[in-house]
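Asks: Build me a structure from this.
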Amino acid sequence: MDFGRFPIISILEDMLEVPEEQHEKSRNTPSRAYMRDQKAMAATPADVVEHPDAYAFVVDMPGIKGDEIKVQVENDNVLVVSGERKRENKENEGVKFVRMERRMGKFMRKFQLPENADLEKISACCNDGVLKVTVAKLPPPEPKKPKTIQVQVA
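Replies: As a prediction, the model looks like this:
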């Protein structure tokens with residue numbers, strides 16, 4: 001559907017001072033940042049394991065040092081693992097890459113944390129290129145005990 005045919009859209013674009021190149025773009029096209037984040041998330045496989053007392057998020061991070069990985073909690077319930085894998089700068093005389101297959105650049109994964117996740121007890125450990133983030137579970141709420149009311153004798 002071409003929105004340019006509707007006069008109200010043209011009026012709104014003029015009021016908002018939308019640049020001319022924006023007129024040509026489809027209004028349903030995702031932004032570059034969104035596409036970059038989607039590619040970074042798709043290229044970062046992970047396993048999520050539920051234990052009786054915790055959740056474990058296991059992410060393969062070959063060739064990345066632990067201090068290059070960022071683990072955060074956003075919006076009180078989203079675990080975010082991110083970082084960047086950089087290409088080694090080996091520019092020796094006469095050396096050239098014949099094939100480059102390893103993925104370089106930013107990576108990111110987001111995980112929705114369950115309601116019983118204890119945000120105060122989160123730990124992360126990177127060993128042999130595998131990141132393991134452990135999120136402890138909150139203890140289950142205790143069931144309410146019935147309240148006994150003393151009957152007065154009149």
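
Asks: Centre of the chain to stretch 57-67, how far?
Replies: In this view, stretch 57-67 has its centroid 15 Å away from the chain centroid, taken as CA atoms, centre = their mean, to the nearest Å.

Asks: what does stretch 58-72 give?
Replies: Distance, centroid of stretch 58-72 to centroid of chain: 13 Å (CA atoms, centre = their mean).

Asks: end-to-end on that stretch?
Replies: 15 Å (CA to CA, to the nearest Å).

Asks: and what of stretch 105-118?
Replies: 31 Å.

Asks: ditto for stretch 99-115
Replies: 46 Å.

Asks: How about stretch 82-98?
Replies: End to end - CA to CA - stretch 82-98 spans 29 Å.

Asks: Touching stretch 106-125 from outside, list them.
Replies: 36-37, 40-41, 43-44, 46, 48, 55, 57, 59, 61, 66, 69, 71, 73-74, 76-85, 131-138, 140 (CB atoms under 8 Å, 6 or more residues apart in numbering). In short, each C-beta sits where N, CA and C put it, glycine included.

Asks: Mind giving me the ChimeraX select for those, buried ones only?
Replies: Of the contacts of stretch 106-125, the buried ones can be selected in ChimeraX as follows, counting by 16 or more other CB atoms under 10 Å:
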select :37,40,44,55,57,59,61,69,71,79,81,82,83,131,133,134,135,136,137
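
Asks: buried ones in stretch 102-109?
Replies: So stretch 102-109, judged by 16+ other CB under 10 Å, has buried residues 107-109.
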